[in-house]
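Colleague: sharing a model that was predicted from the sequence below.
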Amino acid sequence: MKKSIFTVLLLLEIFTLEAQEIYVGECSRTELEKKILANYQIYYDAYEVDTNFINSFAEIDEDFSIIIVLGAWCSDSEMNVPVFFRVIDLAAFDNQNIRIFCVDRTKIVEKMELDIEKVPTFIIYRNGEEIGRIVESPTKSMEEDLFEILKNN
């Protein structure tokens, strides 16, 4: 059922992508929700989080930061960025340590060397060192992949 909902939403997104403006540069979460990702709230609300992992986040030291690189033109960004924030919100992580960058199809973030090949890319840092990435789509689930990165580093 979950896959069916996302399939319908993805098809809807494909039909609306052509009309979207391409945003480039750093943005706030509010800008992302309100004007950059057209279907943000739909994907956010539709995602069913595995609460077992959310409860496990209580064991994680919150001394980490995240850079998100996304394309407003990209269907994977449209779907996975809201899912990421749903996980972050339910885990009660501080959004202050999250920076969001929109890119065009070159996937270059000005003045930063991030080596982005696909979007979205979620880069997780601890003490200024990169400890892991979630690229394009999670391997297992957003909450499980994020938990594994944070737990093992």
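Modeller: Looks like it arrived, so ask away.
Colleague: what are the bridge partners for the nearest residue to Leu32 once chain neighbours are set aside, then?
Modeller: Nearest residue to Leu32 in three dimensions, chain neighbours excluded: Ile100, at 5.9 Å (C-beta to C-beta, 6 or more residues apart in numbering). Glycine gets a C-beta too; all of them are placed from N, C-alpha and C. Each beta-bridge partner of Ile100 is listed here, defined by DSSP bridges: Cys27, Ile68.
Colleague: isn't Ile100 right next to Glu26, touching?
Modeller: Yes: the pair formed by Ile100 and Glu26 meets the contact definition of C-beta atoms under 8 Å, at 6.7 Å.
Colleague: please say which of those two ends up with more neighbours.
Modeller: Each of Ile100 and Glu26 had its neighbours counted (other C-beta atoms under 10 Å), and the higher figure belongs to Ile100 (21 against 13).
Colleague: around Cys74, how many other residues sit close by?
Modeller: 23.
Colleague: what's the separation between it and Asp104?
Modeller: Applying C-beta to C-beta, to the nearest Å, the value for Cys74 to Asp104 is 10 Å.
Colleague: Ile67 too?
Modeller: Ile67 sits at a distance of 17 Å from Asp104 (criterion: C-beta to C-beta).
Colleague: who has more neighbours, those two?
Modeller: Relative neighbour count places Ile67 above the other of Ile67 and Asp104, with 21 against 12, counting by other C-beta under 10 Å.
Colleague: so what's the more buried one closest to, chain neighbours aside?
Modeller: Excluding the flanking residues, the one nearest Ile67 by C-beta to C-beta, 6+ apart is Ile123, at 4.5 Å.
Colleague: these two touch, right, that neighbour and Ser65?
Modeller: No: counting by C-beta under 8 Å, Ile123 does not reach Ser65; the two are 9.0 Å apart.
Colleague: so where is the protein shaky, pLDDT-wise?
Modeller: In the predicted model of the chain, residues 1-20 satisfy pLDDT under 70.
Colleague: and the strands in this structure?
Modeller: In chain order, the chain shows strands spanning 25-27, 65-70, 98-102, 121-126, 129-135, with DSSP state E as the criterion.
Colleague: ok, which of those strands comes nearest Phe84?
Modeller: strand 121-126 (6.1 Å; C-beta to C-beta).
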